[in-house]
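S.K.: got a predicted model here, sequence first, then my questions.
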Amino acid sequence: MGIRGRYTADVRYPLTETLQRLFGSAKEAVLRGKQIQDTEGYGSDYRNEIVSDKLCDDTIEYLAPTLEQHKGCTLIDIHPGACLFSSKLHDFLKPKRHLLLEPEPLYYDSFIKPLLDRPNSTYRHSTIHGVHLQHYFHNYNKLLNDPELAPRQSLPLDDSRQRQLDPNFLVVGNLARKYTSRARTRSVTLASLILQQMLQASLNNEIFHNGGLVRMLWWVPEGDKYTLFPITEAYRRSLNARLSIATETTEAVGMLDLYNIKNRYYAARRPRPPFLSAMIADRVQKRMEAAGMKPPEGRDVLYERPEFYPSASRSPFESTISTFKELERDIESAQKRLLVITKDLPSVRRTAMAKLEESMVESITYPQCKEFHDNFDVRLARRARTIIYADLATGILNLEVALVLLEENGFLRASLDASRDAVKAMWDDMMAHAHSITKELSQMIELSVDMQIACFKSPPMVALEARAYQPLKGEVHEIWPKNQMMLLDMVPKGVDLSVPDLASRREGAKICEMLLRSFMESPAQCLPDALDRIAPNAAQDLLPMCPAVSDPRKGGRLDPRNIKTRSVSEEIMVELVKAWFEWPFKPSTVEMEIARAGSESASEEDTDVPTG
């Protein structure tokens with residue numbers, strides 16, 4: 001479809017006639033940008049509006065169980081534009097105050113004034129920018145202190161309610177706008193920049209989070225989905241890692257299927273094995289049922305739900321070991337299996353090897369390991385062998401979990417040192433032998449374990465898999481001009497990065513950002529090396545202060561050198577930030593910036609394909 005066709009009125013949506021009259025003929029109405037799909041040719045627009053009544057109705061009906069808590073709230077509405085979604089959300093929530101922040105005057109007469117003129121209207125309007133590349137942050141001081149707009153009282157810094165969700169306030173906005181900045185040679189999209197600033201604001205209790213954390217609903221151009229929702233931890237970067245720490249971000253409506261293998265962008269990416277995708281979909285379905293959420297009739301969900309068979313997998317986080325004797329027994333059993341793999345298999349004839357491998361495959365503990373060979377396409381290694389290695393690696397991970405559980409149940413840490421050393425040595429011997437066969441086999445082992453940690457942990461490591469519910473499927477014709485958009489449901493978490501007497505929330509959030517940016521410059525580097533690159537001896541001093549580093553259930557490993565920086569979990573990051581401020585030898589933020597600027601590594605946004 002040509003650019004002109006996208007801007008014509010659509011008879012299915014009367015609203016588009018007014019929009020086409022107001023904006024369709026303007027020279028600046030279209031700004032060509034990076035294409036989202038070759039088949040569509042849709043680029044970045046100066047504005048996109050939701051014009052489908054059914055999309056709005058279906059979305060609100062779907063989210064209704066979660067929106068009930070906000071009835072009668074104060075609603076800040078950023079870029080309401082044509083106000084279709086805004087007015088329908090208003091009718092459902094019946095807010096005591098609904099502030100429309102719309103700086104574009106062309107929307108006023110046709111869309112905003114009729115809402116203000118309603119009898120006993122609780123709508124208010126301001127042309128103050130709610131989001132802008134240069135001058136919006138301080139605007140909230142005016143808005144939140146004006147009794148005629150959106151008054152909100154700040155809470156003291158030591159008030160525990162600051163880190164709790166306040167259902168009496170809600171923010172909704174449309175980030176599919178472009179503003180021309182005089183400091184720039186071209187216009188830039190708002191979405192990624194604003195989302196970064198909003199996550200920082202939630203961590204710092206700034207702007208509208210000053211009286212408690214506020215839920216946010218953002219309509220966002222779907223080209224940003226690649227950055228916000230990596231399909232696995234291998235493609236995590238600083239922004240989506242920080243979002244996972246600060247908020248629970250769920251795609252409520254979407255159009256671009258991230259699991260579609262025909263999508264050119266993801267054609268070369270390595271997706272989850274089918275059993276993990278099915279397990280995640282089943283987990284999301286149970287969350288939806290518990291919340292009372294059901295897709296409206298006639299509206300599909302975006303992602304298909306593959307059938308899940310619990311017998312096809314076993315969690316490596318489940319351990320039946322409760323005594324030291326049981327631990328020693330399982331370690332000895334794993335050592336014997338490793339000996340068969342490293343000594344017996346290479347020494348027998350091919351026919352005998354095939355029979356032995358078949359026998360070992362039949363006796364594996366973790367049935368999900370049968371899928372990893374096909375998923376990773378391991379070269380120069382037979383399918384049976386990769387299954388055996390993946391099963392042994394998962395078993396060693398389970399022993400690491402058992403060590404943590406025994407310590408939690410009262411065993412002295414020193415009494416487990418010998419067992420800890422034995423488990424660590426097993427992993428090292430297995431990886432060395434696998435690498436001697438083929439580098440791809442050793443990489444498969446690492447990635448298969450990383451994938452299981454990321455998916456079996458609670459919450460899962462990446463936002464796409466930690467979603468609270470399935471997104472509804474929207475259509476491009478429900479947007480004007482026709483384009484792909486998604487609705488993000490962002491619920492801030494109560495995590496507090498401050499350290500009493502040492503660091504404020506703002507300082508904690510700043511260090512968290514700096515550490516993650518440094519980590520993601522070399523996403524395949526191990527965590528200790530990444531820390532030592534920031535400051536000498538940082539790993540040996542900081543990691544012992546972080547219990548999550550050695551707990552696989554929280555993203556850790558017995559040997560922290562087995563943690564890749566791209567797989568650093570939320571729990572580990574929170575502990576690292578707090579340990580950082582307690583460390584007497586920490587460099588200043590200026591020294592950290594200088595060290596980072598001098599790094600020869602590629603920028604995180606340019607490093608898109610994992611290695612190792």
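M.R.: Noted; the coordinates are in hand.
S.K.: which is the next helix or strand following the helix or strand where residue 425 lies?
M.R.: Element membership for residue 425 (DSSP states H and E) is helix 417-437. Remark: after helix 417-437, the chain's next helix or strand is helix 439-456, criterion DSSP H and E.
S.K.: that next one - contacts with which helices or strands?
M.R.: On a contact count with 3 or more CB pairs under 8 Å, 6 or more residues apart in numbering; DSSP states H and E, helix 439-456 meets helix 274-291, helix 372-376, helix 383-408, helix 417-437. For glycine as for every other residue, the C-beta is placed from the backbone atoms N, C-alpha and C.
S.K.: going by mean pLDDT, which of those comes out lowest?
M.R.: Mean pLDDT per stretch puts helix 372-376 lowest among the helices and strands packed on helix 439-456, at a mean of 75.
S.K.: about what we covered before: return the most buried member of the helices and strands packed on helix 439-456.
M.R.: Highest mean neighbour count of the helices and strands packed on helix 439-456: helix 383-408, a mean of 22 (counted as mean count of other CB atoms under 10 Å).
S.K.: ranges for the strands of the stretch 451-600 of the chain?
M.R.: For the stretch 451-600 of the chain, the strands defined by DSSP state E, counting those that start in this stretch occupy 472-473, 479-480, 485-492.
S.K.: and the longest one, which strands flank it?
M.R.: Strands adjacent to strand 485-492 in the sheet, as given by DSSP bridges, are strand 213-221 (antiparallel), strand 247-254 (antiparallel).
S.K.: next, the buried residues of the longest one.
M.R.: In terms of neighbour count (16 or more other CB atoms under 10 Å), strand 213-221 has its buried residues at 213-221.
S.K.: re earlier: could the strands paired with strand 485-492 go into TSV alongside mean pLDDT and distance to residue 515?
M.R.: Below are the strands paired with strand 485-492 laid out as TSV (pLDDT from 0 to 100; distance: least, CB to CB, whole Å):
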stretch	mean pLDDT	distance to residue 515
strand 213-221	97	23
strand 247-254	97	18
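S.K.: now tabulate those in CSV and tack on distance to residue 124.
M.R.: Shown next, in CSV, are the strands paired with strand 485-492 (distance: least, CB to CB, whole Å):
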stretch, distance to residue 124
strand 213-221, 18
strand 247-254, 26
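S.K.: hmm, back to that, nearest to residue 165, out of the buried residues of strand 213-221: which one, please.
M.R.: residue 213 (4.9 Å; CB to CB).
S.K.: okay, now the unreliable bits of the stretch 451-600 of the chain?
M.R.: Along the stretch 451-600 of the chain, the model assigns pLDDT under 70 to residues 598-600.
S.K.: would you map the helices across it?
M.R.: Secondary structure of the stretch 451-600 of the chain by DSSP state H, counting those that start in this stretch: the helices cover 505-521, 527-534, 538-542, 570-582, 589-597.
S.K.: so the closest residue to residue 70 other than its chain neighbours, which state does it fall into?
M.R.: In space, and not counting its chain neighbours, residue 70 is closest to residue 170: 4.8 Å by CB to CB, 6 or more residues apart in numbering. Assigned by DSSP: H, G, I helix; E, B strand; the rest coil, the conformation of residue 170 is strand.
S.K.: show me what residue 170 is bridged to.
M.R.: residue 75, residue 215.
S.K.: can you pull the contacts of it?
M.R.: Residue 170 is in contact with 70, 73-76, 93, 95, 214-217, counting by CB atoms under 8 Å, 6 or more residues apart in numbering.
S.K.: now residue 513
M.R.: Applying CB under 8 Å, 6+ apart, the residues contacting residue 513 are 200, 238, 242.
S.K.: again, but for residue 498
M.R.: With CB under 8 Å, 6+ apart, residue 498 has these contacts: 504-505, 507-508.
S.K.: what's the closest non-adjacent residue to it?
M.R.: residue 505 is the one closest to residue 498 (CB to CB, 6+ apart), at 4.5 Å.
S.K.: gap between the one you found and residue 213?
M.R.: 12 Å (CB to CB, to the nearest Å).
S.K.: one step back: want to try CSV for the helices and strands packed on helix 439-456, with distance to residue 143 as columns?
M.R.: Listed next are the helices and strands packed on helix 439-456 as CSV, based on distance: least, CB to CB, whole Å:
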stretch, distance to residue 143
helix 274-291, 31
helix 372-376, 50
helix 383-408, 48
helix 417-437, 55
